[in-house]
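Visitor: dropping the sequence and predicted coords here.
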Amino acid sequence: EMLPAVAQGAIGIQCRSDDERSLNYIKGLNHEETFSAVICERAFLEALDGNCKTPIAGQARIVDGKIQFKGLISMPDGSVTFTTESEGEVADAVAIGKAAGEKLKADAGDKFFEMMVEMSPQQVIGQLT
């Protein structure tokens, strides 16, 4: 099973916080389960200080009223991977994502993250060709 990038496939809409008319329209479009999943995943990414160039994946789902989260960090070449899974109350989505990120950060250690950033995808491709 392959995990997607954080918030993959979710659509976000922004507007000014004082624009009540637009906020009322947007409120009707919000899907609470997707929102909870995305805030969990983004908290995971934030805890890892991730960006679009780091191999970090995460997926949260609501199953039987609980939020289930799976996360992964990897070297760009896939040679080293760390994974985590957690479950809890939907109301704790942010805390669950953050705790999962902090766990992987501790499990992998600082050296892993230094190497992950240093090893760009271009370097990996160069090693393969």
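Guide: Nice, thanks for sending it over. Numbers count the residues shown, from 1 in each chain.

Visitor: same for the longest helix along the chain, what does it pack against?
Guide: Ordering each helix of the chain by length in residues (DSSP state H) puts helix 93-118 first. The helices and strands touching helix 93-118, judged by 3 or more Cβ pairs under 8 Å, 6 or more residues apart in numbering; DSSP states H and E, are helix 32-47, strand 56-63, strand 66-74, strand 81-89. (Each C-beta comes from the backbone N, C-alpha and C, glycine too.)

Visitor: which among the ones you listed is found nearest to residue 105?
Guide: Closest to residue 105 of the helices and strands packed on helix 93-118, according to Cβ to Cβ: helix 32-47, at 6.6 Å.

Visitor: how near is residue 79 to residue 70?
Guide: According to Cβ to Cβ, to the nearest Å, residue 79 stands 20 Å off from residue 70.

Visitor: please disregard the earlier target; I meant residue 9.
Guide: Taking Cβ to Cβ as the measure, residue 9 falls 15 Å from residue 70.

Visitor: among the two, which residue is more densely surrounded?
Guide: Per other Cβ atoms under 10 Å, whichever of residue 9 and residue 70 has more neighbours is residue 70, with 19 against 9.

Visitor: can you pull up the bridge partners for the more buried one?
Guide: When bridges are assigned using DSSP bridges, the partners listed for residue 70 are residue 59, residue 85.

Visitor: burial count for residue 23?
Guide: Neighbours of residue 23 under the rule other Cβ under 10 Å: 12.

Visitor: tally of neighbours for residue 74?
Guide: For residue 74, the count of nearby residues is 19 (other Cβ under 10 Å).

Visitor: and residue 119, what does it touch?
Guide: Contacts here follow Cβ atoms under 8 Å, 6 or more residues apart in numbering; on that basis residue 119 touches 75, 76, 77.

Visitor: among these, name the buried ones.
Guide: The neighbour-count test (16 or more other Cβ atoms under 10 Å) applied to the contacts of residue 119 identifies 75, 76 as buried.

Visitor: which one of the contacts of residue 119 is nearest to residue 15?
Guide: Taking the contacts of residue 119 together and measuring to residue 15 by Cβ to Cβ, the closest member is residue 76, at 36.5 Å.

Visitor: quick check: pLDDT value at the closest residue to residue 102 other than its chain neighbours.
Guide: The shortest distance from residue 102 to any residue other than its chain neighbours is 5.1 Å, reached at residue 47 (Cβ to Cβ, 6 or more residues apart in numbering). If you check residue 47, the pLDDT there is 95.
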